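1. Kindly generate the corresponding structure for this input.
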Amino acid sequence: MRRATIRCKFRAARHADTDAQEPRTKLLTRAARMLALAHQVERLVEEGRLGSYAEAAQALGLTRARMTQVMNLLLLAPGIQQRILMGEVR
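-> Next up, the predicted model:
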């Protein structure tokens with residue numbers, strides 16, 4: 001079995017009252033983070049750096065069922081994915 005490391009940097013979401021004091025940067029929602037993760041895992045599998053989604057699940061400490069749920073986000077229409085990633089859908 002090959003070992004893989006998946007590195008992703010996400011900015012933690014904060015409550016609305018603390019955001020007013022910071023520059024106007026959009027914070028990623030959980031859905032956006034999971035969608036970005038799905039795209040990253042898909043890319044790693046296509047490149048051959050990960051052998052399968054099961055291997056990705058193990059590397060991330062997720063169950064195979066949860067990995068399937070995350071990867072199913074890629075089945076959303078491209079317009080919906082874009083809105084999620086741009087922070088237009090909460």
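2. Could you use CA atoms for every contact and neighbour count after this?
-> Will do.
3. Mind naming the longest helix for the protein?
-> Longest among the helix segments of the chain by residue count, using DSSP state H, is helix 30-47.
4. What mean pLDDT does it get?
-> For helix 30-47, the mean pLDDT works out to 95.
5. Which of the residues in the next helix or strand after it are classified as buried?
-> As assigned by DSSP states H and E, the chain's next helix or strand after helix 30-47 is helix 53-60. Buried positions in helix 53-60, judged by neighbour count with 16 or more other CA atoms under 10 Å: 53-57.
6. Next SSE downstream of helix 53-60?
-> Using DSSP H and E, the next helix or strand after helix 53-60 towards the C-terminus is helix 64-71.
7. Quick one: list the elements packing against the helix or strand just after that following helix.
-> Note on helix 64-71: by DSSP H and E, the next helix or strand toward the C-terminus is helix 78-85. Secondary-structure packing of helix 78-85 (3 or more CA pairs under 8 Å, 6 or more residues apart in numbering; DSSP states H and E): helix 30-47.
8. In the helix it packs on, which residues are buried?
-> Result for helix 30-47 [16+ other CA under 10 Å]: buried residues 31-39, 41-42, 44-45.
9. Format those residues as a markdown table; extra columns: distance to residue 84.
-> Formatted as a markdown table, the entries for the buried residues of helix 30-47 read as follows, by distance: CA to CA, whole Å:
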| residue | distance to residue 84 |
| --- | --- |
| 31 | 7 |
| 32 | 6 |
| 33 | 9 |
| 34 | 10 |
| 35 | 8 |
| 36 | 10 |
| 37 | 13 |
| 38 | 13 |
| 39 | 13 |
| 41 | 18 |
| 42 | 18 |
| 44 | 22 |
| 45 | 23 |
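10. Any stretches of this structure with poor pLDDT?
-> Residue ranges of the chain with pLDDT under 70: 1-27, 90.
11. how about the buried residues of helix 53-60 in JSON lines, adding distance to residue 68?
-> Below are these laid out as JSON lines (distance: CA to CA, whole Å):
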{"residue": "53", "distance to residue 68": "8"}
{"residue": "54", "distance to residue 68": "9"}
{"residue": "55", "distance to residue 68": "12"}
{"residue": "56", "distance to residue 68": "11"}
{"residue": "57", "distance to residue 68": "9"}
